[in-house]
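Visitor: 3D model of this:
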Amino acid sequence: MTIDHKGPASRVGEDIHVDLAGRMTYGDYLQLDTLLAAQRPLSDKHDEHLFIIIHQVQELWLNLVAHELEAAMACIRRDELPPAFKSLARVGRIQEQLIRAWDVLSTMTPADYLEFRGELGQASGFQSFQYRLVEFRLGAKDARMLLPHRHKPDIHARLEKALREPSLYDEALILLKRRGYPVPQEVVSRDFSEPHRFSEAVRDIWLSIYRTTNEHFDLYELAEELVDLEDWFQQWRFRHLKTVERIIGLKRGTGGSAGVGYLKTALDRSFFPELWDVRTML
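Guide: Coordinates of the predicted model:
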């Protein structure tokens, strides 16, 4: 909590205890009445409160990740890389928090979860539209992932827009093209609703940048920011997988999701494949 201390120490206590009637307070600004009223367990089981809060906190962080990714992409489109680096670095710090959230959830045992799991009905993290938005921004494009959101036209439209627009990596490759690098036209003029496919030509461009870092340091830094982002994201996926396996084993997830099986397949998918292949080629 941050308190803006102004004036002599003797005044601080007086300022804190002034009459706040009619003034905006800390709770007003953060809408804490709304925020703290959003935990509504469907059972009387102790750990359901934990379960709800962990997922709500993750949704708040995902909201900020989407916000920062959109800012970074806008900066890359304007060829303003330093502000993009700031947003991407912030995403990395947020991802650290997302990973640590699984550590807290792991304090819930399988027996604890089974006490209220039946109350979840068809609700599943698979239905998180903010997670899907982040994945689309990172390039994990799959039109089938729109289906769980057909009943909410505003959310469906937002996701469909992100599906069809260039991803963060697409924007980076379009930047390379603008800078005169020989990025194949089919890479930057494709159907962006499909995921990017590995390209040796793109790999070789990144390889030339890594071999001449002093001449192209901003592009080298961009590449490393992207690698950091994917590294953290994969760690988050892994901790998600192990937390789910620890609590429900290999059972299917709520809402009919494949549970651990689906999460394992996600670990094999890369957002920026050429940047990982460069490591072998250097």
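Visitor: so who does residue 30 touch?
Guide: Residue 30 makes contact with no residue, according to C-beta atoms under 8 Å, 6 or more residues apart in numbering. Backbone N, C-alpha and C define where each C-beta goes, glycine included.
Visitor: how much space separates it from residue 60?
Guide: 11 Å (C-beta to C-beta, to the nearest Å).
Visitor: same check, this time on residue 140
Guide: 21 Å.
Visitor: the two - which one has more neighbours?
Guide: residue 140 (18 against 14; other C-beta atoms under 10 Å).
Visitor: so the more buried one is in contact with residue 272, correct?
Guide: No - here residue 140 lies out of contact with residue 272, judged by C-beta atoms under 8 Å, at a distance of 11.2 Å.
Visitor: surely residue 183 and residue 173 touch.
Guide: Yes - using C-beta under 8 Å, residue 183 is in contact with residue 173, at 5.5 Å.
Visitor: shared neighbours of those two, anything?
Guide: Contacts common to residue 183 and residue 173, judged by C-beta under 8 Å, 6+ apart, are residue 202.
Visitor: so which of the two has more stuff around it?
Guide: residue 173 (23 against 20).
Visitor: check the more buried one and give its pLDDT.
Guide: Per-residue pLDDT puts residue 173 at 98.
Visitor: go on, the one 5 residues further on?
Guide: On the pLDDT scale, residue 178 is placed at 97.
Visitor: return the distance of it relative to residue 62.
Guide: In terms of C-beta to C-beta, residue 178 sits 30 Å off from residue 62.
Visitor: more neighbours: the two, which one.
Guide: Set side by side, residue 178 and residue 62 show more neighbours around residue 62, with 19 against 12, by other C-beta under 10 Å.
Visitor: mind giving me the packing neighbours of the helix or strand hosting the more buried one?
Guide: Residue 62 is part of helix 46-77 when elements are defined by DSSP states H and E. Secondary-structure packing of helix 46-77 (3 or more C-beta pairs under 8 Å, 6 or more residues apart in numbering; DSSP states H and E): helix 81-105, helix 110-114, helix 129-138, helix 168-178.
Visitor: with distance to residue 75 added, can I get those helices in TSV?
Guide: Formatted as TSV, the helices and strands packed on helix 46-77 follow (distance: least, C-beta to C-beta, whole Å):
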stretch	distance to residue 75
helix 81-105	4
helix 110-114	42
helix 129-138	14
helix 168-178	9
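Visitor: quick one: which of the ones you listed is nearest residue 147?
Guide: Between residue 147 and those, the shortest separation by C-beta to C-beta is 10.7 Å, and it involves helix 129-138.
Visitor: got the CA coordinates for the closest one in CSV?
Guide: Provided in CSV are the C-alpha atoms of helix 129-138 (Å, rounded to 0.1, in the frame of the first residue of the first chain):
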residue,chain,number,x,y,z
PHE,A,129,-11.5,-15.3,-22.8
GLN,A,130,-8.6,-13.2,-21.5
TYR,A,131,-6.2,-16.2,-21.6
ARG,A,132,-7.4,-16.8,-25.2
LEU,A,133,-6.9,-13.2,-26.1
VAL,A,134,-3.3,-13.3,-24.8
GLU,A,135,-2.6,-16.6,-26.7
PHE,A,136,-4.0,-15.0,-29.9
ARG,A,137,-1.8,-11.9,-29.4
LEU,A,138,1.2,-14.3,-29.0
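Visitor: hmm, who's touching that helix?
Guide: By C-beta under 8 Å, 6+ apart, helix 129-138 touches 59, 62-63, 65-66, 69-70, 73, 125, 145, 149, 152, 155, 158-159, 162-163, 167-169, 229-230, 233, 271.
Visitor: looks like residue 274 contacts residue 206 (just checking).
Guide: Yes - if you go by C-beta under 8 Å, residue 274 and residue 206 touch, sitting 5.4 Å apart.
Visitor: name the residues of the helix holding residue 62 that are buried.
Guide: If you call a residue buried by 16 or more other C-beta atoms under 10 Å, then helix 46-77 has these buried ones: 47-48, 50-52, 54, 58, 61-62, 65-66, 68-69, 71-73, 75-76.
Visitor: try stretch 121-133
Guide: 124, 126, 128-133.
Visitor: chain neighbours aside, what residue packs nearest to residue 176?
Guide: residue 183 (5.2 Å; C-beta to C-beta, 6 or more residues apart in numbering).
Visitor: phi and psi next, for residue 115.
Guide: phi -70, psi -30 (degrees, to the nearest 10).
Visitor: from residue 116, how far off is residue 69?
Guide: 34 Å.
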